[in-house]
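*Asks:* What would the 3D arrangement of this be:
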Amino acid sequence: MAQFTLYSHAQGPNGWTVAFLLKALGLTYETKYLDFGANEQKSEAFLKINPNGRIPALVDHQNNDFTVFESKACLVYLQLKYDTENRFGAGATAEQQAEQAQWLYFQASGQGAYFGQAAHFKFFAPEKIPYAINRYEQEVARVLGVLERVLSGREFLVGGKVTIADLSFITWDNFGLNMLLPEGINAEEKFPSVAAWHKKLTSLPYVAEALQEREEVVAAQKK
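*Replies:* Presented below is the predicted three-dimensional model:
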């Protein structure tokens, strides 16, 4: 039996963030991909696991089936409990923890929220609303600008190494840098430090493995 069960969605970005760290730490897991078309994420069975009815959720079978939802909470749990060498944590001091937390919160409330709305209004909304599309495209550019300002002076967000803070941005940056910016903005020219950071992160073996797995799962589901 795998050590963890990860409830996710093949095309959704947030579950794969957790998969990055599971792979990096060598933890075994089984992924259950929920069928959003069948509303499985709102089923009574899944709501017992995640009352918010969204993915991801993580069940730790070697810790009395301890369950945690929200991708950033999953990352924090895995790093604190299983990253015994602190490979992916910023450090133990209050200052180090706060610096890491600020980026995790910024990802959740800034990048994830605004990039998600940009994707919705650009690609999925039944009605094209120019105001909404423009608003969220501009927010994508603003968030990338915040990252650019910081990463132009450092290699990674916290502590001079890859941490869960960096890993938390990868999947939404895949969309943001390629599809969600306002028309006419070249991501590599406008945000060169972010683009270089993102390329470096996606080249990490455990990240590349998960992203390849994502492509295979999506392709299989489309057959």
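
*Asks:* Hmm, I185 is touching A141, no?
*Replies:* Yes - at 6.5 Å, I185 counts as touching A141 under the criterion of CB atoms under 8 Å. Quick note: C-beta positions are derived from backbone N, CA and C, even for glycine.

*Asks:* More neighbours: these two, which one.
*Replies:* A141 (20 against 14; other CB atoms under 10 Å).

*Asks:* So the more buried one is in contact with L181, correct?
*Replies:* Yes - A141 is within contact range of L181, at 5.9 Å (criterion: CB under 8 Å).

*Asks:* Could you pull out the strands in this protein for me?
*Replies:* 4-8, 29-33, 57-60, 66-69 (DSSP state E).

*Asks:* Sheet-wise, list the partners of the second one with their directions.
*Replies:* Think strand 29-33. strand 4-8 (parallel) (DSSP bridges).

*Asks:* Would you mind giving the strands of the chain as JSON lines with distance to D83 and mean pLDDT added?
*Replies:* Formatted as JSON lines, these follow (distance: least, CB to CB, whole Å; pLDDT from 0 to 100):
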{"stretch": "strand 4-8", "distance to D83": "14", "mean pLDDT": "98"}
{"stretch": "strand 29-33", "distance to D83": "15", "mean pLDDT": "98"}
{"stretch": "strand 57-60", "distance to D83": "14", "mean pLDDT": "98"}
{"stretch": "strand 66-69", "distance to D83": "15", "mean pLDDT": "98"}
